[in-house]
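Chemist: Got a predicted model here, sequence first, then my questions.
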Amino acid sequence: MATLKTGDKAPDFTAKDQNGKSVSLSDFKGKTVILYFYPKDDTPGCTAEACDFRDNYQSLAGKGFEVIGVSTDDEKSHKKFETKYSLPFPLIADTDHHIVEAYGVWGEKNMYGKKYMGTMRTTFIINADGNIQTIIDKVDTKASSQQVLDLL
């Protein structure tokens with residue numbers, strides 16, 4: 001599994017979003033991308049994070065950011081999540097784990113003493129040249145968009 005660091009070329013990917021549309025990272029060349037990985041649709045932390053990006057989406061877009069969410073949930077789950085919370089950005093379905101593994105965010109987690117494999121909540125800021133500008137691995141789900149802005 002990849003261990004990416006600031007300055008590395010962001011791994012390109014092509015996968016389906018919540019609408020069944022193919023989305024590639026390379027589609028956003030020339031733009032700054034907030035690529036955020038989250039564990040599961042419609043869970044408390046993931047909902048707080050998605051809604052924070054939604055509530056600040058216009059402001060982020062005005063500053064030239066594109067927001068893309070990625071989880072291992074399928075398109076149908078993403079569509080329900082998008083519809084329930086009126087999310088204005090693509091949610092990528094990474095059911096085969098190619099993207100989470102390429103970004104090094106699939107790993108062992110521990111909840112209540114039980115170990116399992118899952119997506120580590122991580123945000124990558126990818127600059128207009130397609131390089132990783134910043135990696136946030138301690139995400140504040142209730143203020144994730146402000147966290148991004150504070151680091152740039």
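Modeler: Ah, there it is. Residues are numbered from 1 along each chain as shown.

Chemist: Ile132: what secondary structure?
Modeler: Classification of Ile132 using DSSP: H, G, I helix; E, B strand; the rest coil returns strand.

Chemist: so it touches Asp8, yeah?
Modeler: Yes - between Ile132 and Asp8 there is a contact under C-beta atoms under 8 Å: 5.1 Å. Heads up, the C-betas are built off the backbone N, CA and C, glycines and all.

Chemist: More neighbours: which of those two?
Modeler: Ile132 (19 against 15; other C-beta atoms under 10 Å).

Chemist: Relative to Val148, how far out is the more buried one?
Modeler: 13 Å (C-beta to C-beta, to the nearest Å).

Chemist: Neighbours of the nearest residue to Thr72 once chain neighbours are set aside, how many?
Modeler: Closest residue to Thr72 apart from its sequence neighbours, by C-beta to C-beta, 6 or more residues apart in numbering: Asp94 at 5.2 Å. Number of residues near Asp94 (other C-beta under 10 Å) recorded here: 23.

Chemist: my read is Lys79 is in a helix, agree?
Modeler: Yes - Lys79: assigned to a helix according to three-state DSSP.

Chemist: Name the residue closest to the centre of this structure, please.
Modeler: Tyr36 (1.9 Å; C-alpha atoms, centre = their mean).

Chemist: Check which helix or strand that residue maps to.
Modeler: Here Tyr36 sits within strand 32-37, counting by DSSP states H and E.

Chemist: Okay, now the sheet partners of that strand, with direction.
Modeler: Here strand 32-37 is paired, per DSSP bridges, with strand 65-71 (parallel), strand 122-126 (antiparallel).

Chemist: Could you point out which of these sits nearest Asp27?
Modeler: strand 65-71 (9.1 Å; C-beta to C-beta).

Chemist: and that closest one, average pLDDT?
Modeler: Mean per-residue pLDDT for strand 65-71: 97.

Chemist: what residues does it touch?
Modeler: Applying C-beta atoms under 8 Å, 6 or more residues apart in numbering, the external contacts of strand 65-71 come out as 23, 25, 28, 31-41, 46, 50, 53, 57, 60, 78, 87, 89-94, 99-100, 119, 148.
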